[in-house]
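*Asks:* quick one, fold the following:
(chains A and B)
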Amino acid sequence: MLPFAVIVVAFLGVPLYYVIHGAFSTNTGGFTLANFSAVFSHAQYLRALRNDAVLALWTSIGPAILGLWFAAAIVAGNPDGLLRRIVASASGVLAYFAGAPLAFAVIASYGTLGTVTVLINSLFHVNLTNTFSTASILGVGLTYFYFQIPLMVIFVTPALEGLRPEWEEAARNLGATRAQYLRRVAAPVLAPSVIAATLLLFGSAFSAYATALALDGGTIDIVPTQINLALSNNVIVGQTNVGEALGAEMILIVAVVMVLYWFVQRRAGRWLR
Amino acid sequence: MSPDLTVAIRGVSVQFHGVERHYRDSTALAGLDLAIEPGEFVALLGPSGCGKTTALRLLGGFDRPDAGTISVDGADVTTVPAHRRDMGMVFQAYSLFPNLTVADNVTFGLRIRRLAKAERVRRAQELLALVGLEGHGGRYPFELSGGQQQRVAIARALAIEPKVLLLDEPLSALDARVRTQLRGEIRSLQQRLGITTLFVTHDQSEALSMADRIGVLNAGRIEQFDTPENVYRHPATPFVAEFVGAMNRIRGRVGDRGEVLLLGQRVPYQAATGQHPAPGTLVDAMLRPEALEAVLDVAGPGEIVERTFLGSALRLRVALEPDTAVIVETSSSSDRLGVGARVGLRVLADRVTVTAPSAPSADSVASVAIPSAA
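*Replies:* Down below sits the predicted model:
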């Protein structure tokens, strides 16, 4: 327990303290709310917040749907089957394949001179770069799908496995068709787990930093870009604390998401235990 | 219990004709023939893998036979899908819909049938009263005990006024006290409603105490289909004898006057196969532990090697000679029947079933299927 506590304090507690402390501090160390005032009054920060929220929304809902579909497909199959083991293992690995390595892989594949881009161009004479850029909100969002879908598979598979075959048989025995069973029993039972998992995906997408930054290179208006610009003093000198306020605001939103997740998960756990 | 029950259930007949079900590497049913009378409570009893659950699932419509037919009330239902069979099924456990209240669970089938809400509410109240759960309609399954959940499952199954009630080991997940209590409740409910019921269990005490008739299944076939008393007292085959209750196999010799010489006594016999062996033939007599009596006798041929107190009875293991022992159950609580005491044995049964002798090296105790205390 002690080693775990030391790691949590060192790698989560201390950085969290510095971000929050910095967000409420002036350049000289005094207390201020001006950094948050700047975050919520400057158009570029508000635009970044809005873009990030929209990005997190569609990169959580899309992968949630696809992940649920994949998970349902593997749960319906043989529990000891090869496909299930492969998907489970791959999900475990891919869910944590984010940040700079993922960004590099995407650029190396779909960037201007990426292998897939060049291959498609040479085979079909279609230049992907005319319609798609990895350094765009669409590019960043689709890249998030790489780890969001496996995350969803990991989150929702236990809930799907918790659906007891007896429930469907009982429903059929009472006269329900499969569709009626899905609508009246399976969907309501799964809903809290799916909503909870989608909230986690939203939190994951909203707080993603390295992947977005490595992909866009500071060219699109999302929160990670603005934090990077503020911290590196690239545009205006002395904006470090504003960057930390942006970081604190991300932490706050993720915390709210986690609280919502906890409430929803409690309901799911009650039904599926 | 509700005195003015309006649930309209009519007992119907059920027939399995030569039903077979094979899986890739096993046979679950190898030509099952079974005729259940209207309003009858039939238990299918057998070890794991004997095909009893398969038979129940086939009747419920959850599976299709590879051969044979299943009829309900004279109509062939072999290919009718589960949701159109009007069968009420109670599963082992945890089959209540967790997202619905108790009342909504009970009325699930009625809602599917688009019954008016007022009628659904009335029916839920009536059925919950029937299973002793008045006032529990607003609770969720996770707020109920295992026994209460199974009562709700029974009410839910009965709500649709099923043709047949199917019970798939509904008591197996409950603790012993609740199991015994619910056993009686299910039986009295079934008798009150007159609903044809097929009950699957591996617990012989449940089958013996609840059913009108028991079908003992082995390797996908019915070994015996008879009343509990006949299955216990007059097992048709060695398998039934050894599966239902505890059974001693004691070596004897057939006499010339229709009796078998056994433990120094002459006892009338019946042959398990129906064919009487010739006088002088060695046979195994099958005797329940309670059909033997151990009598203290310092010169007796047996020695008590194990003594188990069962509450209402004593179970003794009596060694007759090296590698040969019998089990005796007696209502005597005498402390003198202790380990090490010498005893003689008396056959109390007025008739024994004999079968071909088991391998010569086998000791005389063959059975050890001890009925569960529950």
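
*Asks:* any idea how many residues pack against A:V9?
*Replies:* Burial of A:V9 is recorded as 12 neighbouring residues (other CB atoms under 10 Å in any protein chain shown). Backbone N, C-alpha and C define where each C-beta goes, glycine included.

*Asks:* repeat for B:D175
*Replies:* B:D175 has 12 neighbours, counted by other CB under 10 Å.

*Asks:* ok, it - contacts?
*Replies:* B:G146 (CB atoms under 8 Å, 6 or more residues apart in numbering or on different chains).

*Asks:* can you pull the pLDDT of it?
*Replies:* B:D175 carries a pLDDT value of 85.

*Asks:* cool, A:A98 as well?
*Replies:* 81.

*Asks:* sec struct for it, please.
*Replies:* coil (DSSP: H, G, I helix; E, B strand; the rest coil).

*Asks:* for it, give its distance to A:Q44.
*Replies:* 26 Å (CB to CB, to the nearest Å).

*Asks:* equivalent analysis for B:L130, please.
*Replies:* From B:L130 to A:Q44 the distance is 69 Å (CB to CB).

*Asks:* is the particular helix or strand that has B:F199 in it positioned near chain A?
*Replies:* Element membership of B:F199 [criterion: DSSP states H and E] is strand B:196-201. No. On the criterion CB under 8 Å from any CB of the partner chain, strand B:196-201 is out of touch with chain A, staying 13.3 Å away.

*Asks:* where's whatever residue of the stretch 1-150 of chain A ends up closest to chain B, which helix or strand?
*Replies:* Per CB to the nearest CB, A:N78 is where the stretch 1-150 of chain A lies closest to chain B, at 13.0 Å. In this structure, A:N78 sits in neither a helix nor a strand according to DSSP H and E.

*Asks:* and it, how far from A:F97?
*Replies:* 27 Å.

*Asks:* more crowded one of these two?
*Replies:* Neighbour count, other CB under 10 Å: between A:N78 and A:F97, A:F97 has more, with 14 against 10.

*Asks:* isn't the more buried one up against A:F145?
*Replies:* No. Assessed by CB atoms under 8 Å, A:F97 is found out of contact with A:F145, at 11.9 Å.

*Asks:* returning to what we had before: out of B:L130 and A:Q44, which sits in the busier spot?
*Replies:* Each of B:L130 and A:Q44 has its neighbours counted (other CB under 10 Å); B:L130 has more, 21 against 12.

*Asks:* can you pull the contacts of B:E290?
*Replies:* Contacts of B:E290 by CB under 8 Å, 6+ apart are B:313, B:329-330, B:348.

*Asks:* list the contacts for the residue of chain A found nearest chain B?
*Replies:* Nearest to chain B, among the residues of chain A, is A:L174, at 3.4 Å (CB to the nearest CB). By CB under 8 Å, 6+ apart, the residues touching A:L174 are B:83, B:88, B:108-109, B:112, B:156-157, B:160.

*Asks:* most neighbours, which of the residues you listed?
*Replies:* In the contacts of A:L174, the most neighbours by other CB under 10 Å go to B:R156, 30 neighbours.

*Asks:* next up, the contacts around that one.
*Replies:* A:170, A:174, B:88, B:96, B:105-106, B:108-109, B:127.

*Asks:* SS state for it?
*Replies:* helix.

*Asks:* okay, the strand holding B:F199 in PDB with CA atoms only?
*Replies:* C-alpha atoms of strand B:196-201 as PDB (Å, rounded to 0.1, in the frame of the first residue of the first chain):
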ATOM      1  CA  THR B 196     -49.400 -30.000 -15.000                       C
ATOM      2  CA  THR B 197     -45.800 -29.600 -13.700                       C
ATOM      3  CA  LEU B 198     -42.500 -31.000 -14.900                       C
ATOM      4  CA  PHE B 199     -39.800 -30.600 -12.300                       C
ATOM      5  CA  VAL B 200     -36.100 -31.300 -12.900                       C
ATOM      6  CA  THR B 201     -33.800 -32.100 -10.000                       C
END
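
*Asks:* excluding its backbone neighbours, what's nearest the residue of chain A closest to chain B?
*Replies:* Closest residue to A:L174 apart from its sequence neighbours, by CB to CB, 6 or more residues apart in numbering or on different chains: B:G109 at 3.4 Å.

*Asks:* which helix runs longest in chain B?
*Replies:* helix B:176-193 (DSSP state H).

*Asks:* A:T129 and A:T117 touch, don't they?
*Replies:* Yes. Using CB under 8 Å, A:T129 makes contact with A:T117 at a distance of 6.4 Å.

*Asks:* more neighbours: which of those two?
*Replies:* Neighbours were counted for A:T129 and for A:T117 using other CB under 10 Å; A:T117 has more, 21 against 14.

*Asks:* might you report the residue contacts of the residue in the stretch 1-150 of chain B that chain A sits nearest to?
*Replies:* With CB to the nearest CB as the measure, B:G109 is the residue of the stretch 1-150 of chain B nearest to chain A, at 3.4 Å. B:G109 makes contacts with A:174-176, B:156, B:159-160, as judged by CB under 8 Å, 6+ apart.

*Asks:* got phi/psi on the residue nearest to the spatial centre of chain B?
*Replies:* Centroid-nearest residue in chain B: B:A207, 2.4 Å away (criterion: CA atoms, centre = their mean). B:A207 adopts backbone torsions of phi -60, psi -40, taken as degrees, to the nearest 10.

*Asks:* wait, doesn't it sit right on B:R213?
*Replies:* No. Contact criterion CB under 8 Å: B:A207 and B:R213 do not qualify, at 9.7 Å.
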